[in-house]
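Enquirer: Sequence first, then the predicted structure, then my questions.
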Number of protein chains: 2
Amino acid sequence: MLVMTDGAADRSPRRPSRAGTGHRRSTGRDVAELAGVSQATVSLVFSGKTSGRVSAEVEERVRHAAAQLGYRPHASASTLRAGRARTVGLLVPDITNPFLGHVLRGAQRAGREHGVTVALIEPGSERNWQLTAMNALNAAAIDGMMLFAIEPPPSAAPTDLGPTVLVEAVAEGFPSVLLDVRQGTAAAVGYLLELGHRRIAHLGADLPPTTFKARASQWRRLLRRAGVDATEAPEVLAAFDLHAARGAAHQLLSMTPRPTALFCDDDLLAAGALMAAHDLRIPVPDQLSIMGFAGTLLSEAATPQLSTVLAPAEELGALGLRTLLQAMDGQATSPEPLPMTLVPRASTAPPRPPDR
Amino acid sequence: MLVMTDGAADRSPRRPSRAGTGHRRSTGRDVAELAGVSQATVSLVFSGKTSGRVSAEVEERVRHAAAQLGYRPHASASTLRAGRARTVGLLVPDITNPFLGHVLRGAQRAGREHGVTVALIEPGSERNWQLTAMNALNAAAIDGMMLFAIEPPPSAAPTDLGPTVLVEAVAEGFPSVLLDVRQGTAAAVGYLLELGHRRIAHLGADLPPTTFKARASQWRRLLRRAGVDATEAPEVLAAFDLHAARGAAHQLLSMTPRPTALFCDDDLLAAGALMAAHDLRIPVPDQLSIMGFAGTLLSEAATPQLSTVLAPAEELGALGLRTLLQAMDGQATSPEPLPMTLVPRASTAPPRPPDR
DNA sequence: CTGAAAGCGCTTACAG
DNA sequence: CTGAAAGCGCTTACAG
């Protein structure tokens, strides 16, 4: 049996080493020695700045030596010297949001192409996200950040925060990356209208980001244009969780005359509405159509499967990252909003004429 | 309008500065100057090593000066000098797994107490997770890692990888943090038996981690002990996604005699089973009981809501982190597995006597 | 095309 | 209880 001593021998003042692993990390100097070049050349090779500086033959020698030693540049040394971390933060209000995984994945994939790492940050217990963000920025742990469905307070000027891009949120002076929620809402509500529904109620999310306001106003506009009166098409807002949505849907479904369709701000809310319909023994889609929004796993897993409007989540994350990279270069421009796709499934059908 | 120039003036060779923010980050030296102490004292204050080294009065002065300047220690400088990143990696096979958000949250909260950050790493496009992990470790970006539901290949010795803890996975020589899956399975299957079911089929996940094997063997053991023959209680394995689960459940539900209950390895698989029951017009729970496993959002959002066994996800993450911290100190011990909790909901009921 | 050297902002053993 | 100084491993302008 091998007993790993970590003690006396390792306590030399100037030579900190990774605990427990036994072997010392190799450095650029080690690689340089083995390859017979200077340490600067090694650095050039690993930062991809060889063109016109290092010959192909020397580069090959360096890479070979590095592979032999299992060398990777020390991220912190590089950050410290170069003044950038090549890491950006993705600040989210709730890590457990099912949509998020795909946004993060898209951002990470796009980041990988540019040598940038995406760190997921949930402000959580700290007082507020702005503090968290400033801390990360001041600690030089990140070079910039994406705020997902969080709006900066009006007091926060873009220059206070360092390079920042809003994803599914809007604020004066910040570049935004958005879904085309108006078009998505038009697709969803238009589809319900085409099926023959008129009493299309709205189960909305009671959250500040404008992405939700846009759904509401567009829904209202389309119904008005179709000649549906506001009294026929009620609206209830719910907190962004299953149980609040279930309660709000109960309200909507107790109205007389009862809505024949529910347009929900998110799949999560639609899942809550499905629970309410089940509670009240209202068959879906025979007596009630339910439309989700987002196209998460939840819309597929629901019974019946939810008709929804699919958001290109990975693309949103990737576009967010690319826009942030531009903002870090001082070129902050908001790209075109990303189109959404209607996905008709089993939770929607033409309205049935009332039985009585 | 303010035009932010980033150019000439900033191009001095020795003085890299954060782009676009206008103001230079303040350093420990700035704080020291303002507080009238040495830079070393500032460092002592911020690394919490003041006791018996810095007087309360001086500490207060330093903190005040730091607050005025908005100072935060430079994370990379600290990492470089101290030889540890105070960051650990959480390696996961699939970022979008709904269970994961809670595990990560638990790990992050526990980490915060120890000044440790948890970075979420999805190996994704890279060749394999081991490469990703070694890269992160070699780049000194992380000090250790948790592998969530991933088993290291038999060839990987614990010493190759640096400090590593397995979460919901087991391998020779690595400390493991586990759910008490045997107890959870006993709760689930015991509950179905008590309801009066005998033909309890198993819809299993076709994945390597032993956590799944444990469910299968425990299910089989309990049925055998209850006198239920293997032919009465069939088993089908499915890939870990909704559609595979749906297909596998179709298989189980086409058998004669049909199982009266399905014990599923995860809520996701149970949701697929629910879809299959719906496809086949088998009412749940009247003609078929379905048990999930995990207690994710999916089990709540399903219609009917899924009876399940709740895994303490946040606690699992927190315990994983604490165990990793111990492993980094050379004290690698596997804690007791975490108990799971039966949550009876609407997808289970006593079996109905066959109609014919 | 390559090398020598400065210095990023910290931490820490040591001297006082 | 406090300060001066070394050095972690890089990147980069400059000299050759």
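Expert: Great, that's in hand.
Enquirer: what's the distance between residue A:332 and chain B?
Expert: 9 Å (C-beta to the nearest C-beta, to the nearest Å). Backbone N, C-alpha and C define where each C-beta goes, glycine included.
Enquirer: List the residues that contact that residue.
Expert: Going by C-beta atoms under 8 Å, 6 or more residues apart in numbering or on different chains, residue A:332 touches A:163, A:165, A:174-175, A:323, A:326.
Enquirer: one more time with 7 Å
Expert: If you count contacts by C-beta atoms under 7 Å, 6 or more residues apart in numbering or on different chains, residue A:332 has them with A:175, A:326.
Enquirer: can I assume it sits in a helix?
Expert: No. Counting by DSSP: H, G, I helix; E, B strand; the rest coil, residue A:332 falls outside a helix, being coil.
Enquirer: Next one: it from DNA strand C, what distance?
Expert: Separation of residue A:332 from DNA strand C (C-beta to the nearest atom of the strand, to the nearest Å) stands at 25 Å.
Enquirer: Backbone torsions only: list them for that residue.
Expert: Backbone dihedrals for residue A:332, given as degrees, to the nearest 10, come out at phi -90, psi 110.
Enquirer: Tell me the confidence at it?
Expert: Residue A:332 is assigned 84 on the pLDDT scale.
Enquirer: Same question for residue A:54.
Expert: For residue A:54, pLDDT reads 82.
Enquirer: Tell me how many other residues surround the nearest residue to residue A:119 once chain neighbours are set aside.
Expert: Nearest residue to residue A:119, sequence neighbours excluded (C-beta to C-beta, 6 or more residues apart in numbering or on different chains): residue A:89, at 5.1 Å. Neighbour count for residue A:89, taken as other C-beta atoms under 10 Å in any protein chain shown: 24.
Enquirer: So residue A:308 lies in a strand, does it not?
Expert: Yes. Counting by three-state DSSP, residue A:308 falls inside a strand.
Enquirer: from memory it sits against residue A:296, does it?
Expert: No. Counting by C-beta atoms under 7 Å, residue A:308 stays clear of residue A:296, with 8.3 Å between them.
Enquirer: shared neighbours of these two, which are they?
Expert: Joint contacts of residue A:308 and residue A:296 (C-beta under 7 Å, 6+ apart) are residue A:267.
Enquirer: Show residues contacting stretch A:270-287.
Expert: Under C-beta under 7 Å, 6+ apart, the answer for stretch A:270-287 is A:203, A:242-243, A:245-246, A:249-250, A:253, A:262, A:264, A:288, A:290-292, A:298, A:302, A:304, A:306, A:346-349, A:352, B:301, B:303-304.
Enquirer: so which strand or helix has the residue nearest in space to the middle of chain A?
Expert: Closest residue to the average C-alpha location of chain A: residue A:103 at 3.6 Å, with C-alpha atoms, centre = their mean. Counting by DSSP states H and E, the element that carries residue A:103 is helix A:100-113.
Enquirer: Name the next helix or strand downstream of that helix, please.
Expert: strand A:117-121.
Enquirer: Can you give me the neighbour number for residue A:277?
Expert: Each residue near residue A:277 was counted by other C-beta under 10 Å, and the total is 23.
Enquirer: And it, how far from residue A:263?
Expert: According to C-beta to C-beta, to the nearest Å, residue A:277 and residue A:263 sit 14 Å apart.
Enquirer: got it, and residue A:243?
Expert: In this view, residue A:243 and residue A:263 are 20 Å apart by C-beta to C-beta.
Enquirer: These two: who's more crowded?
Expert: Under the criterion of other C-beta under 10 Å, the comparison of residue A:243 against residue A:263 puts residue A:263 first, with 33 against 12.
Enquirer: ok, the more buried one touching residue A:189?
Expert: Yes. Using C-beta under 7 Å, residue A:263 makes contact with residue A:189 at a distance of 5.8 Å.
Enquirer: Neighbour count: residue A:308 and residue A:296, which is higher?
Expert: residue A:308 (31 against 27).
Enquirer: pLDDT at that one, what is it?
Expert: For residue A:308, pLDDT reads 98.
Enquirer: Quick check: chain neighbours aside, which residue is closest to it?
Expert: residue A:292 (3.7 Å).
Enquirer: that older thread, find the residues that touch each one of residue A:263 and residue A:189.
Expert: Listed contacts common to residue A:263 and residue A:189 are A:200, A:219; contacts here mean C-beta under 7 Å, 6+ apart.
Enquirer: Break chain A into its domains for me.
Expert: A:25-74, A:83-178+A:315-328, A:181-312 (automatic domain parsing).
Enquirer: Redo the ones you listed as CSV? Include distance to residue B:136.
Expert: Putting the domains of chain A into CSV (distance: least, C-beta to C-beta, whole Å) gives the following:
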stretch, distance to residue B:136
domain A:25-74, 9
domain A:83-178+A:315-328, 9
domain A:181-312, 28
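Enquirer: okay if I get the ones you listed as JSON lines plus distance to DNA strand D?
Expert: Shown next, in JSON lines, are the domains of chain A (distance: least, C-beta to the nearest atom of the strand, whole Å):
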{"stretch": "domain A:25-74", "distance to DNA strand D": "3"}
{"stretch": "domain A:83-178+A:315-328", "distance to DNA strand D": "7"}
{"stretch": "domain A:181-312", "distance to DNA strand D": "34"}
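Enquirer: Let me know which of the ones you listed is the nearest to residue B:130.
Expert: domain A:25-74 (12.5 Å; C-beta to C-beta).
Enquirer: Distance across that closest one, terminal residue to terminal residue?
Expert: 9 Å (C-alpha to C-alpha, to the nearest Å).
Enquirer: how about it against chain B, any contact?
Expert: Yes. Interface with chain B: domain A:25-74 contributes A:25, A:70, A:72-74 (C-beta under 7 Å from any C-beta of the partner chain).
Enquirer: what about chain A, any weak spots by pLDDT?
Expert: Low-confidence segments of chain A, defined by pLDDT under 70: A:1-23, A:124-127, A:353-356.
Enquirer: Which of the contacts of stretch A:270-287 fall within helices?
Expert: Assigned to helices by DSSP state H, the following of these qualify: A:242-243, A:245-246, A:249-250, A:253, A:298, B:301.
Enquirer: Out of the residues you listed, which is nearest to residue B:217?
Expert: Once C-beta to C-beta is applied, the member of the ones in helices among the contacts of stretch A:270-287 that ends up nearest residue B:217 is residue B:301, at 30.1 Å.
Enquirer: shouldn't that closest one be in contact with residue A:298?
Expert: Yes. Counting by C-beta under 7 Å, residue B:301 sits close enough to residue A:298 to count as a contact (5.6 Å).
Enquirer: which SS state does residue A:160 fall under?
Expert: Applying three-state DSSP to residue A:160 yields a three-state assignment of helix.
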